[in-house]
Structures are given as structure tokens and as C-alpha cells.
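Asks: got a sequence here, can you model it:
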Amino acid sequence: MVGRPGIAHCFAPVGRPQANGQVEAYNKLISKDINRKLEKVGGLWADELVNVLWSIRTTTKSSTGETPFFLVYDAEAVLPIKMYEPTLRVMLYDEAANWEAMKTALDFLLEARGNAALRHEIYRLRITRAYNRRVSKRPLKMGDLVLRKMEVVVRENEDGKLTPNWEGLYRISEEVRDGTYRLEAMNGCPIPRTWNADNLKKYFVSVFS
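Replies: Below you'll find the predicted structure:
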């Protein structure tokens, strides 16, 4: 793709590339729930998609302690089953009073979202600590030889099942910030953009006497 004259293209270093997989993780959750439904309804997955999305949006998440619906509208949704089964919430419903209560609740929405963000950060730190206990860090430094994940250069299926997981060899030419590096080929030619340590693996040279 050709850019407009006078506009330079640049790449921003990704601090945590795992965050870029949030869409894939959400799609996996949708697919898992749809598969459960398909056991009963066959191939009518499109008809079940609305119900699956509704269940995801109205289910409390362990990371925030709230439902996605609540964080958007500051009110819990009335589940369809409660519209058919008599409950006090439905039986005593008054549109005018409900509207006034919703307007009042909006004043507390920012606080609720702030508390959810705080719980999410605590949850993230707890998961990070649990993960790091099982990881033995091998920090990279200038001049180290590294291999690069085939996945990040969109070549993971280049040779089918015989495609290796890593490619290279490259040399680290610059540390942009902690965990983010610039690479160069073995002939000294710089490799475009920056690369995160999670997508690199240190290459050890074996010396035999």
C-alpha cells in the first residue's frame, strides 16, 4: 500500500503482545458456547449467536466483578426468563420511577467503572505473579544472537506441518526499552520495526573442541 506524500509510516513497539490476542480469546469464548448449543440445535449457529452474546454480556466476570452490561449501562439487565416468570422486579415496575432511578444511578457509573478497573488490575497482577513463578527469565542484551517466531512474521504455515516455529539468525542491535529490541541480520542489514522479547529466543552457539 502506498502512503500519501509527506506521511511517514512508523511502527510502535508493543509492550505486551499478548494483549493483542484479546479478540481471539473472545472469539474462542463465543465459539465454545455456540458449540454447546449446537449439540441440541444442529447447524443453526447463526440463530444461537444472539443468545450466546447475551449470556456473555450478562455474566459476571471474575476479572472485574461486574457484568459487561452493567459497566456500560450502570444497570443489570432483566433476563428474558424473568419476563415470563413473575418476580417483584417485573411486577412492581413503574416506568417513570425506573427512569428517575436510572438517571440517579448514572452519577455512580464512573465510580463503578473505576472499582472494576482496580479489580481488573489486581486480577492481572495476581495472574502475572502466578505465571512468573514458573518462568525462568533469560534477559537479552546487545549483541545477543536470537531467533524470531515464525508466527509474528505471518509464516507459521509456510511449509504446512513441517514449518519450524522459529526462524533466523539475527543479532540484537539496540534495546529500545526493557523487553523491546531492534534486530539486524548477520550481514549487518537492519530489520524493520521493533521486536518484543516474547517473540524472540536466545540462540546459543555450541563450541566443540
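
Asks: now the top strand by length along the chain: mean pLDDT?
Replies: Secondary structure of the chain per DSSP state E: the longest strand is strand 166-177. Average pLDDT, strand 166-177: 90.

Asks: just the strands in the chain please.
Replies: Under the criterion DSSP E, the chain carries strands at the ranges 145-149, 166-177, 180-185, 195-196, 200-202.

Asks: wait, which of those is closest to residue 107?
Replies: Smallest distance to residue 107 across the strands of the chain (Cβ to Cβ): 40.1 Å, for strand 166-177. Every residue, glycine included, has its C-beta placed from N, CA and C.

Asks: then that closest one to CSV, C-alphas only?
Replies: The C-alpha coordinates for strand 166-177 follow below in CSV (Å, rounded to 0.1, in the frame of the first residue of the first chain):
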residue,chain,number,x,y,z
TRP,A,166,11.4,-20.2,14.8
GLU,A,167,13.5,-18.5,12.1
GLY,A,168,16.7,-16.5,11.9
LEU,A,169,19.6,-15.9,12.9
TYR,A,170,19.5,-12.3,14.0
ARG,A,171,21.6,-10.1,16.2
ILE,A,172,20.2,-7.6,18.7
SER,A,173,21.5,-4.1,17.6
GLU,A,174,19.6,-1.9,20.1
GLU,A,175,17.5,-2.1,23.2
VAL,A,176,14.7,0.4,22.7
ARG,A,177,13.3,-0.2,26.2
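
Asks: buried residues in it?
Replies: 168, 170-172, 175 (16 or more other Cβ atoms under 10 Å).

Asks: ok, now stretch 58-67?
Replies: For stretch 58-67, burial by neighbour count (16+ other Cβ under 10 Å) applies to 64, 66-67.

Asks: and which of the buried residues of strand 166-177 is nearest to residue 184?
Replies: So of the buried residues of strand 166-177, ranked by how close each gets to residue 184 (Cβ to Cβ), first place is residue 171, at 5.3 Å.

Asks: sorry, back to before: determine which two of the buried residues of strand 166-177 are furthest apart.
Replies: 168 and 175 (17.7 Å).

Asks: pull the longest helix from the chain.
Replies: Identified as the longest helix of the chain according to DSSP state H is helix 109-132.

Asks: need the contact partners of that helix.
Replies: 62-66, 70-71, 74 (Cβ atoms under 8 Å, 6 or more residues apart in numbering).

Asks: least trustworthy position among those, going by pLDDT?
Replies: The member of those with the lowest pLDDT is residue 74, at 77.

Asks: which residue packs closest to it, ignoring adjacent ones?
Replies: Take residue 74 and drop its neighbours on the chain: the residue closest to it by Cβ to Cβ, 6 or more residues apart in numbering is residue 109, 4.1 Å away.

Asks: burial measure for that neighbour, as a count.
Replies: 15 (other Cβ atoms under 10 Å).

Asks: re the thing from before, mind listing what's buried in the longest helix of the chain?
Replies: Buried residues in helix 109-132, counting neighbours by 16+ other Cβ under 10 Å, are found at 112-113, 116, 119-120.
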